[in-house]
Every structure is written in C-alpha cells, then in structure tokens.
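*Asks:* coords please:
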Amino acid sequence: MNQVSLIGRVVRPVVLKNCHETVVMNNSLAINRFKKDSKNGGADFIPIVAWGTIAEQMHRYVEKGQKIGIIGHLQSRSYLNKQEQQVFVVEVVVEYVEFLEPFHKEEEGTKDEEFLRQFEIDSLKEQEAKS
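*Replies:* The predicted structure follows:
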C-alpha cells in the first residue's frame, strides 16, 4: 500500500510548468514536528508534485503559507542535473487536495465555495476510479 495524507503549509508561491501537453506544479509542504517535552519541535519540508487539473486548481486557489490537506502517494525518481550528477528525489504525488483556510489573493477575489466543493468531489471520484 502506498498512500500518504498530510496537512501543512505551502512553502512557495504555486507556479505551473508545461510538461508534455499537461501542466505540473512542484512545491513543498511545511509540516510542524511536535515533541512531547516542548511545544515546537521544528518542521519537516515535504516535496509535493501535482499534475493536470489538480495543479491548475492549486495554482488558482492556493497561495504561499496557506494550509492545505493532501492525499497522494510516494514516488521516487532520479534525474541528471546541469553538472551531469544524478539526483534522487522522493516526493508526494498529489491525488486530492482540500483547502483548509480562506483564500486571500486580492487580484482573484474570493473563492467560489461551490466550485471548490465540486472540485473536491471530482478529485475524490478520480482517485476512486484509479483504485
């Protein structure tokens, strides 16, 4: 079984990139790490990637610092960087996203709550169809 559920804050502004006739979004989630003997144990920064419709909706409705919940799966891959060195990456591929805080981008206006509810329902249906 390969399933990951995380709640955290988006680390960077969401930027889309074109990749083979679809769009992709790479970012990280900052997730609080708590210790029993202290209130704050720091944070973990987990790389995430979203493709297609989910990437587009995250670009439209998520901003840096916003709290989101995601469901996805772990993926490992490698690539050659500019110095021709092989880089290994483990990341969470986002299959479902839930917006846990209000959206504040002034140029976009307020969120269309009904649209977001429908998007979450559609994402869940896509996830179930994959299973």
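*Asks:* average pLDDT across the helix or strand hosting Ala55?
*Replies:* For Ala55, the host element (DSSP states H and E) is helix 52-61. For helix 52-61, the mean pLDDT works out to 94.
*Asks:* wait, doesn't Met25 sit right on Val49?
*Replies:* Yes. Using Cβ atoms under 8 Å, Met25 is in contact with Val49, at 6.9 Å. Just so you know, the C-beta spots here come from the backbone N, C-alpha and C atoms, and that holds for glycine as well.
*Asks:* comparing these two, which shows the higher neighbour count?
*Replies:* Met25 (21 against 18; other Cβ atoms under 10 Å).
*Asks:* which one is the residue nearest to the spatial centre of the chain nearest to, not counting chain neighbours?
*Replies:* Centroid-nearest residue in the chain: Ile48, 5.1 Å away (criterion: Cα atoms, centre = their mean). In space, and not counting its chain neighbours, Ile48 is closest to Val92: 4.8 Å by Cβ to Cβ, 6 or more residues apart in numbering.
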